[in-house]
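# give me a model of this one.
(one chain, ligands or ions: 2)
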Amino acid sequence: MRRLSFLWRYLRRHPVRLYTGIASVLGSVVVGMATPLLVGGAVDQFRTNPTSRVLVTYGGLLVLVAAVRGAFTNAQRMLLVTLSRDVEQELRDDYFAHLATQPQRFFHRHATGDLLARATSDLQAVRMLCGPAIMYTANTVFTAVLTLYFLFDIHAGLSLAALAPMPFVALATRVFGARIHQHFERVQEQFAALSSRVQENLAGLRVVRAYAREDRERRVFAAANDELVSRHRSLIRWTSAFHPLLQGLVGVGFVIVLGYGGGLVVEGVITIGEFVTFNFFLTKLVWPMIAIGWVINLAERGLASLARIRRILETSGAGEQPSPEEAGVPGFRESVAGHLRFTDLDFSYPSVENGSQLQVPVNGSVEPALAGLTLDIAAGTTVAIVGHTGSGKSTLLSLLPRLIDPPPGAVTLDGVDLLDWPLDRLRAAIAMVPQETFLFSVTVGENIAFGQPEAGEEQIRRAAELAGLESDLSSFPRGLDTIVGERGITLSGGQKQRVALARAILCDAPILLLDDCLSAVDTQTEERILTNLRTVFPGRTVLLVSHRISAVRDADEIVVLDGGRIAERGTHDGLVAHDGLYADLDRRQRLEEELQAI
Ligand SMILES: Nc1ncnc2c1ncn2[C@@H]1O[C@H](COP(=O)(O)OP(=O)(O)OP(=O)(O)O)[C@@H](O)[C@H]1O
Ligand SMILES: [Mg+2]
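Ligands and ions are numbered 1, 2, ... in the order given. Reported below is the predicted structural model:
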């Protein structure tokens, strides 16, 4: 019932169509009742008075009934089927909007293909539940009630005998319904797993090819596909046994009517016309009886799918938090200065439970990614972060726009706990170039303007120039209007990085986070871009992660991370004099440069 009340929230937004749709179903059923009565009447009339007038009158009436009924049927479909499409659209919108608010960990728990399956085949099953299921349920109920009335009106005893198989129909429906539901769930699960597989393989196509794993992937896919078909087969076995069984039971009813009803005609208890009418009405019951099975099937599928969609819609997002006023945050200001403070920050990635759909295996180690980190970054300063791979640099940066949530009180922006900031304002204050660039399959210009869609061409060009993209743009066939292919596949690694950098520059945010954003460009280009960037840095708080000393030496402060802890901090000269990790890194990189110069 809870599942239906969830659906009701959507259905009740369209009361006019819902109720007039159901009324049209009633209309078509009521008008349809005239047909058996007319045919029976015609038979009786014709026996006593076989004239062409009788023939024409009854024939004309039958045509009229068919026309009116057709009009109602048309209306019912127009109203209820479009209604189901609208509900589907609203559910899909809500689903997508909900996914967009989910925190990172949600996507660690749910495979993309599974989320896609819910948005496609599950949503379709829910649509069938809203449209056809409502339509046929109403039809069945109205038809059953009216038909039973007319049957009993003709002869109660005959009706009872004809309906004797009914309890068996109900029984068969129950038993088969449960099985069908169970098998359908299994089919949906496997379909989701298969979708995940396809999605991952397409996304990782280059890796698959590079490692020549096509054959293996094909075999794994074929096995999963086989499993899907075999689950479908089990489902088909049950559904295909179900329908003939129902029809057989219905047939028994007709045999009874033929024997018992024929006797009644011979005895003169009912007329031949009434016998014909009775049979006609009984035929009208056949469809509802079969429809019950079908509707139950639809309802089972729809409800199972609805539950799967609802489970997603009801996981709470990351975006819920008190409003700034409610939070009663002291010193909350309209404009963001960009003062960041980390206080004794410990952070460990949540260990991921075992589960088939999980994609992030973690090998038992619970090493914290960041430990006891205390750091104060004054507004408007540039702080560089260096450290070995895996030392926690990206983790530190990801905490700021809350791609992952820091522990309460550990990180503040302008003196306010990050967790108390409204997420949209926090993120608007931060422009980030993540370590792994992601481009959309639109034009270069649109990719740059992703965070500022209203930006003018001139601004976009300027951002591109600052990011060192100028010469690349002139080499692209259509400059800023060049389409970059899926995920930017037509660009080089360094070009992609610079598009992402331009995107961040265009945002003009008070805080700029650059996570190793020039790792794929050569040292000279990096030098040139950094010179450009220094014109952008003043007045902003910049966190700059890099593996290259040349990129970080001019920062106001350099922080060296080691195993999630701050190992050293200071200016370039101070750290070199300190002769620790940083000085070691500096020495090695200078040596490399000298070797290259030879
Ligand atoms: N999503 C995640 N789930 C679990 N552990 C993670 C996740 N991301 C990173 N880690 C772990 O956290 C630690 C710090 O990773 P992080 O990405 O911050 O390193 P990094 O300093 O940015 O490294 P690199 O220089 O290679 O980019 C590593 O031990 C890594 O394995
Ligand atoms: Mg990193």
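# I'd like the next helix or strand past the helix or strand that Ser230 is a member of.
Element membership of Ser230 [criterion: DSSP states H and E] is helix 214-267. Using DSSP H and E, the helix or strand that follows helix 214-267 in sequence is helix 272-313.
# so which elements touch the helix holding Ser230?
If you count contacts as 3 or more C-beta pairs under 8 Å, 6 or more residues apart in numbering; DSSP states H and E, helix 214-267 packs onto helix 156-163, helix 166-203, helix 272-313. All C-beta spots, glycine's among them, are computed from the backbone N, C-alpha and C.
# find the closest residue to ligand 2 in the stretch 201-350 of the chain.
Nearest residue of the stretch 201-350 of the chain to ligand 2, counting by C-beta to the ion: Tyr349, 13.3 Å away.
# show me what contacts the residue nearest to that residue when sequence neighbours are not counted?
Using C-beta to C-beta, 6 or more residues apart in numbering and skipping the chain neighbours, the partner closest in space to Tyr349 is Ala369 (5.9 Å). Contacts for Ala369 (C-beta atoms under 8 Å, 6 or more residues apart in numbering) come out as 347-349, 392, 395, 564.
# now, which of those lie within strands?
Among the contacts of Ala369, the members found in strands (DSSP state E) are Phe347.
# out of the contacts of Ala369, who's near ligand 1?
349, 392, 395 (C-beta under 6 Å from any ligand atom).
# residues near Val30, how many?
15 (other C-beta atoms under 10 Å).
# quick check: it vs Arg308, distance?
38 Å (C-beta to C-beta, to the nearest Å).
# quick one: contacts for the residue nearest to Leu249 when sequence neighbours are not counted?
In space, and not counting its chain neighbours, Leu249 is closest to Pro165: 4.4 Å by C-beta to C-beta, 6+ apart. By C-beta under 8 Å, 6+ apart, the contact list for Pro165 reads 249-250, 252-253.
# same check on Tyr58?
For Tyr58, the contact set (C-beta under 8 Å, 6+ apart) comprises 38-39, 41-42, 45.
# switch the cut-off to 6 Å
Each residue near Tyr58 by C-beta atoms under 6 Å, 6 or more residues apart in numbering is listed here: 38, 42.
# gap between stretch 23-37 and the chain center?
Distance of stretch 23-37 from the chain centroid (C-alpha atoms, centre = their mean, to the nearest Å) equals 41 Å.
# sorry, that was for stretch 336-355
How far stretch 336-355 lies from its chain's middle: 27 Å, per C-alpha atoms, centre = their mean.
# for stretch 237-255, same thing?
Taking mean C-alpha positions (C-alpha atoms, centre = their mean), stretch 237-255 and its chain are 39 Å apart.
# pull the residues that contact that stretch.
Here stretch 237-255 makes contact (C-beta under 6 Å, 6+ apart) with 162, 165, 168-169, 172, 176, 179-180, 183, 286, 289-290, 293.
# ditto for stretch 520-532
Applying C-beta under 6 Å, 6+ apart, the external contacts of stretch 520-532 come out as 466, 468, 493-494, 497, 518.
# whatever residue of the stretch 301-450 of the chain ends up closest to ligand 2 - how many residues pack around it?
Closest to ligand 2 within the stretch 301-450 of the chain is Ser394: 3.0 Å, counting by C-beta to the ion. For Ser394, the neighbour count with other C-beta under 10 Å is 20.
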